[in-house]
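K.L.:
Sequence plus the predicted model coming up.
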Amino acid sequence: MTARPVLIVDAANVVGSVPDGWWRDRKGAAERLRDRLAERHFDEEVVLVVEGAARDVESVPGVRVESASGSGDDLIVELAAAHADRPCTVVTADRELRERVRAYGAECVGPRTVRPV
């Protein structure tokens, strides 16, 4: 039996990919993303990484929220490293972050994968 894949979503990067006023309510924008993710039926374990003003977003069935006490990117790298023993995909457009998680075998996809434009 193969391990269940994990999908790690960079909330700040995905939310920031569409200029829809998210900066006025960062927590609300992260909650809307979390809820959209929860509505979809992923085969993967879904982990949403939040930071800053969105740090108080809570998990819901289907989406585990991880709050970064510091850098969200650093937490995403830690999670990718922790899941190096199974298929892992990171959702971000951040080039530097993509390079960092690829070092642990993670695949990378862009924000459009989880957020309609």
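P.N.:
The structure has been received and is ready for your questions.
K.L.:
got the buried residues for stretch 28-36?
P.N.:
Within stretch 28-36, the residues scored as buried using 16 or more other Cβ atoms under 10 Å are 29-31, 33-34. C-betas here are computed from N, CA, C, even on glycine.
K.L.:
next one: stretch 50-66
P.N.:
Neighbour count says stretch 50-66 has 50-51, 54, 57, 63, 65-66 buried, by 16+ other Cβ under 10 Å.
K.L.:
distance between the helix of greatest length in the chain and the chain's centre?
P.N.:
In the chain, assigned by DSSP state H, the helix with the most residues is helix 26-39. On the basis of Cα atoms, centre = their mean, to the nearest Å, helix 26-39 sits 11 Å off its chain's mean C-alpha point.
K.L.:
Quick check: what element follows that helix along the chain?
P.N.:
Later in the chain than helix 26-39, the nearest helix or strand by DSSP states H and E is strand 45-50.
K.L.:
thinking Ala106 is in contact with Val90, fair?
P.N.:
Yes - counting by Cβ atoms under 8 Å, Ala106 does reach Val90; the two are 5.0 Å apart.
K.L.:
shared neighbours of those two, which are they?
P.N.:
Residues touching both Ala106 and Val90 (Cβ atoms under 8 Å, 6 or more residues apart in numbering): 8, 80.
K.L.:
Would you tell me what the next helix or strand after the host helix or strand of Glu78 is?
P.N.:
Taking DSSP H and E as the criterion, Glu78 maps to helix 72-82. Next helix or strand after helix 72-82 toward the C-terminus (DSSP H and E): strand 88-91.
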